[in-house]
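**Q** I need the structure of the sequence given here:
(one chain, ligands or ions: 1)
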Amino acid sequence: MEKNNISYIDLDQAKAFKALETLSPLSLEKLLTTSAIAEKTAASGAGLSYNYAAMPVGEKQLELLEQLTEEMQLIGKFRLLAAGGVMNTGEKRKVLHHLCRSELVGKVLDEKGQDIGAFYREQQRRFSDFAGKVHAGEITGSTGKAFTTVLQIGIGGSDLGPRALYLALEGAVEAKMKGLFISNVDPDDAAAVLSGIDPERTLFILVSKSGTTQETLTNRDLVLSWLESKEIPGLKPGKQMVAVTSATSPLAGSDTLLDSFYIDDFIGGRYSSTSAVGGVILSLAFGPEVFDRLLKGAAETDAIALNAPFRENAPLLDAAIGLYLRNILHYPVTAVLPYSQALSRFPAHLQQLDMESNGKRVNRDGKPLGYSTGPVVFGEPGTNGQHSFYQLLHQGTDIIPLQFVGFKKSQRGEDRNDEAGINSQRKLNANLAAQIIAFAKGKEDVNPNKSFPGGRPSSLLVGDRLSPEVLGALLAHFENKVMFQGFLWNINSFDQEGVQLGKILTKKLLSGETEDQELMAFDTLLR
Ligand SMILES: O=P(O)(O)OC[C@H]1O[C@H](O)[C@H](O)[C@@H](O)[C@@H]1O
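**A** A predicted model of the protein is given here:
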């Protein structure tokens, strides 16, 4: 037992988990009733609700899952994390992305006694003030023209979350600036984006927490050279750019740039969308007040995740049921299917959030695990996915649990009734409801090729409309679900050693230091 009365045991040592393993699986068809649909629901933030009536868990499973969350002390671990506990055991760091939204359990001080939350709020005040001055024309491009476009240069957590949130907000609120993104080191990415912008009116945001990421530094240099190449009188490339980085990075304190905004090492890349990493572009593109609304929604979900009892705690329930699917029913894959085109890049963000957090094979102390951990995550918006991979989901040989997301209203409210008086939003959600039932119940047919096995589980997160608050809640729902599952697997969800080897081999190859014959042979194929 460590201090704070928190103990860390592997999942397969938990009594409740062993008891879960003894239960026989339940028939989804028997569990799925209209009363279950009415009752098996829990709240997340900003009015989001999580329905798990089409998941294969009955009363006994839910009781044992609740016991498991208590035995593994999930809430105590969350409280410890939010209070500044060193929960990133691989890098010996605190994990403080929640602090960007609220002081969930009060102030958090660093080793020098500084208030870390105050630092985050000061940075938010700075970039909010900066955005206001850009919108007012008080801050312009180096040739005196107003900025109309904001272009983020970053990759991984410095791109996926911010890009997903930008696209999700485009239809929710009036944009003040056009947002664009360059991430891949593939020169065609930058060339395609740069071909469509006005260099004098584009503000570049260079985002790299470490300040050392090869793709981002390469694209920074490419953009600065591109600006130089335009030979526009008076244009100073560095003064068309701001940086977002950690105070310890080589990019910190650059005086060649227009300004810099900071995060610290306690904000992990895939958890950084509610820090300056997402906040600068979202405040410039939509206004600081919109970013504030997003933070408010996320804070509501954080509070539910920390304080609500199990059956009323959507992130905790979602995490526990996901554990059951992964470690009792042994499903290695899950799909997140948002029935909202605005969330087109949200599954891509969740791939990094979930798979980079929980794609681990040793526990938080480095001991190899004897059970499965993070699932493969994929997804596309509905209804498009129905015309792509739903064949496998319905009639394939493997069961893939599904996580649907839906909204009662469209964002823009621009719709049309057809001759039967049915509008597009109604058709979108009728498809969603129909898919849940088709997956769960299936359909028998004398022709095996036309029969649907059913028994394919799904959950549904539903909100009224995808507003900034609901988007913040959705983001925090999955961040907290991933965190809780990491606690259940007793792993460190907050470092990412698995991405280092590829980088090392690339660096050796490019510097001519490698002696790996096979690596050089493949490199030759590509030159
Ligand atoms: O923000 P940066 O330091 O440039 O890192 C960008 C990304 O690259 C790393 O390889 C990690 O896998 C990600 O977690 C991180 O978000």
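**Q** who does the strand or helix carrying Ser459 touch, helix- and strand-wise?
**A** Assigned by DSSP states H and E, Ser459 belongs to strand 458-463. Judged by 3 or more C-beta pairs under 8 Å, 6 or more residues apart in numbering; DSSP states H and E, strand 458-463 is in contact with strand 49-51, helix 314-327, strand 402-407, helix 424-441, helix 468-488. (C-beta placed from N, C-alpha, C; glycine too.)
**Q** quick one: the strands in the chain?
**A** Remark: strands assigned in the chain by DSSP state E are 41-43, 49-51, 149-153, 178-182, 202-207, 241-246, 259-263, 333-338, 376-378, 402-407, 458-463.
**Q** now mean neighbour count too, for those, in a markdown table please.
**A** Shown next, in a markdown table, are the strands of the chain (neighbours: other C-beta atoms under 10 Å):
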| stretch | mean neighbour count |
| --- | --- |
| strand 41-43 | 19 |
| strand 49-51 | 20 |
| strand 149-153 | 24 |
| strand 178-182 | 22 |
| strand 202-207 | 26 |
| strand 241-246 | 25 |
| strand 259-263 | 22 |
| strand 333-338 | 23 |
| strand 376-378 | 18 |
| strand 402-407 | 24 |
| strand 458-463 | 23 |
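**Q** Lys18: which of the ones you listed is closest?
**A** strand 333-338 (23.9 Å; C-beta to C-beta).
**Q** gap between the closest one and the chain center?
**A** 13 Å (C-alpha atoms, centre = their mean, to the nearest Å).
**Q** and the angle for that strand with helix 314-327?
**A** 150 degrees (axes from the mean of the first three to the mean of the last three C-alpha atoms, to 10 degrees).
**Q** return the residues of the stretch 251-400 of the chain in contact with the ligand.
**A** Gly269, Arg270, Glu356 (C-beta under 6 Å from any ligand atom).
**Q** how is this protein partitioned into domains?
**A** Domain assignment for the chain by automatic domain parsing gives 3-95+297-410+423-441+450-494, 116-291, 496-527.
**Q** near the ligand at all, the shortest one?
**A** Yes - part of domain 496-527 sits near the ligand under the criterion C-beta under 6 Å from any ligand atom, namely Gln496, Val499.
**Q** before we move on, the earlier item: need the residues of the stretch 251-400 of the chain next to the ligand in TSV with neighbour count and distance to Lys508, can you?
**A** TSV is the format used below for these (neighbours: other C-beta atoms under 10 Å; distance: C-beta to C-beta, whole Å):
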residue	neighbour count	distance to Lys508
Gly269	27	24
Arg270	26	26
Glu356	23	23
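**Q** pLDDT for the residues you listed - can I get that in a markdown table?
**A** A markdown table is the format used below for those (pLDDT from 0 to 100):
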| residue | pLDDT |
| --- | --- |
| Gly269 | 98 |
| Arg270 | 98 |
| Glu356 | 98 |
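**Q** so what's the residue lying closest to Pro162 once chain neighbours are set aside up against?
**A** Spatial nearest neighbour of Pro162, excluding adjacent residues (C-beta to C-beta, 6 or more residues apart in numbering): Gly278 at 4.2 Å. For Gly278, the contacting residues are Gly161, Pro162, Leu165, Ser272, Phe291, by C-beta atoms under 8 Å, 6 or more residues apart in numbering.
**Q** tell me where the stretch 201-350 of the chain has helices.
**A** 214-229, 276-286, 288-307, 314-327, 346-350 (DSSP state H, counting those that start in this stretch).
**Q** mean pLDDT for the ones you listed - can I get that in CSV?
**A** Formatted as CSV, the helices of the stretch 201-350 of the chain follow (pLDDT from 0 to 100):
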stretch, mean pLDDT
helix 214-229, 98
helix 276-286, 99
helix 288-307, 98
helix 314-327, 98
helix 346-350, 98
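**Q** could you find the closest non-adjacent residue to the closest residue to the ligand within the stretch 351-500 of the chain?
**A** Residue of the stretch 351-500 of the chain nearest the ligand, by C-beta to the nearest ligand atom: Val499 (4.0 Å). Leaving aside its sequence neighbours, Val499 sits nearest to Glu356 (C-beta to C-beta, 6+ apart; 7.3 Å).
**Q** contact partners for the one you found?
**A** Taking C-beta under 8 Å, 6+ apart, one finds Gly156, Arg270, Gln496, Gly498, Val499 in contact with Glu356.
**Q** neighbour-wise, which of these leads?
**A** Arg270 (26 neighbours; other C-beta atoms under 10 Å).
**Q** close enough to count as contact, Leu23 and Glu59?
**A** No - with contact defined as C-beta atoms under 8 Å, Leu23 does not reach Glu59; the gap is 10.8 Å.
**Q** got the contact list for the closest residue to Leu343 other than its chain neighbours?
**A** The shortest distance from Leu343 to any residue other than its chain neighbours is 5.6 Å, reached at Ala168 (C-beta to C-beta, 6+ apart). Contacts here follow C-beta under 8 Å, 6+ apart; on that basis Ala168 touches Ser340, Ala342, Leu343, Phe346, Leu466, Leu471.
**Q** Arg163 too?
**A** Gln152, Phe181, Ser183, Arg345, His349.
**Q** try Gln403
**A** Asp318, Thr334, Ala335, Val336, Leu337, Gly379, Ser458, Ser459, Leu461.
**Q** if we go to 10 Å?
**A** Neighbour list for Gln403: 50, 318, 322, 334-338, 347, 350, 377, 379, 457-461, 478, 481 [criterion: C-beta atoms under 10 Å, 6 or more residues apart in numbering].
**Q** one more: Asp259?
**A** Contacts for Asp259 (C-beta under 10 Å, 6+ apart) come out as Arg126, Phe127, Phe130, Ile139, Lys239, Met241, Val242, Ala243, Val244, Val280.
**Q** now do it against Ile139, distance only.
**A** Taking C-beta to C-beta, to the nearest Å as the measure, Asp259 falls 9 Å from Ile139.
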